[in-house]
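Chemist: Structure for this input, please:
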Amino acid sequence: MKGIILCGGKGERLQPITYTTPKQLLPLANKPLLVYTIELLLNSGINEIGIVVNENNKSIFQSTLGRYFNHDFQYIIQENPQGIGHGLLFAEKFVGNEKFVMVLGDNSFDTSLKKFIVDFITSKTNCKILLKAVDNPERYGVAYIGNDKIISLEEKPKRAFSNWAITGVYAFDKNIFKALREIKISSYGEYEITDAIKWLLQNGYDIDYEILEGYWRDVGSPKDVVEENINRLSFIHNDIKGELVNSQISGKVHLEEGAVIYNSVIRGPIVVGESSIIKYSYIGPYTSIGKGVNIDKSIIENSIIFDDCVISGVDVPIENSIVGEGSIINNEKGFKKANRFVTGKNTKISLSNL
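Modeler: All right, here's what the predicted structure looks like:
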């Protein structure tokens, strides 16, 4: 059975980070989100994987995933991305007439898909979706259930009359491509996979569902990224490969080779990448620090610091933040108290009055 992972979107809600790093490759506990998804598929018995990307980021996916897997993934180009349904159409040749599983690359799961997959393969069902009860169903595609059957579906309703959100895992046979050619573009300017499943339902095809008991998060906003980093850091183990000098350590700490912590206070869980240096600083819980980072006389907690950043003299805490690769944040001392920035399009800055 083949697997499709959709990664063709532009990640507009996460700009400016996603100008250079696709959201599916954002580091969570210093490992790209997509790596967790691929591991989920491989552990569920899916070995033939097609990854739908856009024409601008294929090389980034290839180089990044090549550091984690010795695997021949099929990269499929989605031209002019217009939603999930649009992206899946580009994978039709790859899946052929076989049943297949599709996963959204910006979703995170802590579960097993083995039962979901086996049940679908051995049934005559045309489509199967994985549902999860949520408190805010208006954010998602929603399924309406009656007498243990799906009776309707709706994409991001203004007012949902069901709390069953459609998660980012789907199983289809070839009829989904027929449905995708029948639906029209939505008011959101996209070809919605929810509309295609609804078309199958209305035209007599067999739609099944399973309730997800495990963990799921749609990682779509900066808040989602920070919270998912917290989740992933919750599972790390102590692993000190680097050097600790005159520092106070508590909680779980993963310190990669070549990383050094001098005269600092560290409260885990945190991850520190290779060749990073932390000195005279406080690093609080749920912080991921990439490779080649230099932190001096600063306070950071509950944040994600990408590779090769420099943070110096920041004594007002940096928290709940995402700091992009190669960024420089410092506190300049002088007679004039002022803030100075060099920013790009869609940069987000929050200043303290302290």
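
Chemist: use CA for all of it now, contacts and neighbours both
Modeler: Fine.

Chemist: Backbone dihedrals for Gly85, please?
Modeler: For Gly85, the backbone dihedrals are phi -60, psi -40 (criterion: degrees, to the nearest 10).

Chemist: Revised request: answer the last question for Phe69.
Modeler: Dihedral angles of Phe69 (phi, psi; degrees, to the nearest 10) stand at phi -130, psi 140.

Chemist: Likewise for the one 4 residues further on?
Modeler: Recorded main-chain torsions at Phe73 are phi -80, psi 150, according to degrees, to the nearest 10.

Chemist: roughly how far apart are Glu92 and Lys23?
Modeler: Taking C-alpha to C-alpha, to the nearest Å as the measure, Glu92 falls 24 Å from Lys23.

Chemist: Neighbour count for these two, which is higher?
Modeler: Counted by other C-alpha atoms under 10 Å, Glu92 and Lys23 do not tie: Lys23 has more neighbours, with 27 against 14.

Chemist: So for the closest residue to the more buried one other than its chain neighbours, what's the pLDDT?
Modeler: Closest residue to Lys23 apart from its sequence neighbours, by C-alpha to C-alpha, 6 or more residues apart in numbering: Gly11 at 6.0 Å. Among the per-residue scores, Gly11 holds a pLDDT of 80.

Chemist: Return the residues in contact with Gly11.
Modeler: 18, 22-23, 220 (C-alpha atoms under 8 Å, 6 or more residues apart in numbering).

Chemist: out of these, which are inside helices?
Modeler: Among the contacts of Gly11, DSSP state H puts none in helices.

Chemist: Which of the residues you listed ranks first by neighbour count?
Modeler: Lys23 (27 neighbours).

Chemist: hang on, isn't that one packed against Gln15?
Modeler: No. Counting by C-alpha atoms under 8 Å, Lys23 stays clear of Gln15, with 9.2 Å between them.

Chemist: need the strands for the stretch 251-354 of the chain, in chain order.
Modeler: 253-255, 260-262, 265-267, 270-272, 277-279, 282-283, 287-289, 294-296, 299-301, 304-305, 310-312, 318-319, 322-323, 328-330 (DSSP state E, counting those that start in this stretch).

Chemist: how about the ones you listed in a markdown table, adding mean neighbour count?
Modeler: Converted to a markdown table, the strands of the stretch 251-354 of the chain look like this (neighbours: other C-alpha atoms under 10 Å):
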| stretch | mean neighbour count |
| --- | --- |
| strand 253-255 | 22 |
| strand 260-262 | 21 |
| strand 265-267 | 20 |
| strand 270-272 | 28 |
| strand 277-279 | 22 |
| strand 282-283 | 25 |
| strand 287-289 | 29 |
| strand 294-296 | 22 |
| strand 299-301 | 22 |
| strand 304-305 | 28 |
| strand 310-312 | 21 |
| strand 318-319 | 17 |
| strand 322-323 | 18 |
| strand 328-330 | 15 |
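
Chemist: In a markdown table: those strands, plus mean pLDDT and distance to Ile84.
Modeler: Converted to a markdown table, those look like this (pLDDT from 0 to 100; distance: least, C-alpha to C-alpha, whole Å):
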| stretch | mean pLDDT | distance to Ile84 |
| --- | --- | --- |
| strand 253-255 | 97 | 36 |
| strand 260-262 | 97 | 43 |
| strand 265-267 | 97 | 40 |
| strand 270-272 | 98 | 33 |
| strand 277-279 | 98 | 41 |
| strand 282-283 | 97 | 39 |
| strand 287-289 | 98 | 30 |
| strand 294-296 | 97 | 39 |
| strand 299-301 | 96 | 35 |
| strand 304-305 | 96 | 28 |
| strand 310-312 | 95 | 37 |
| strand 318-319 | 94 | 33 |
| strand 322-323 | 94 | 26 |
| strand 328-330 | 91 | 36 |
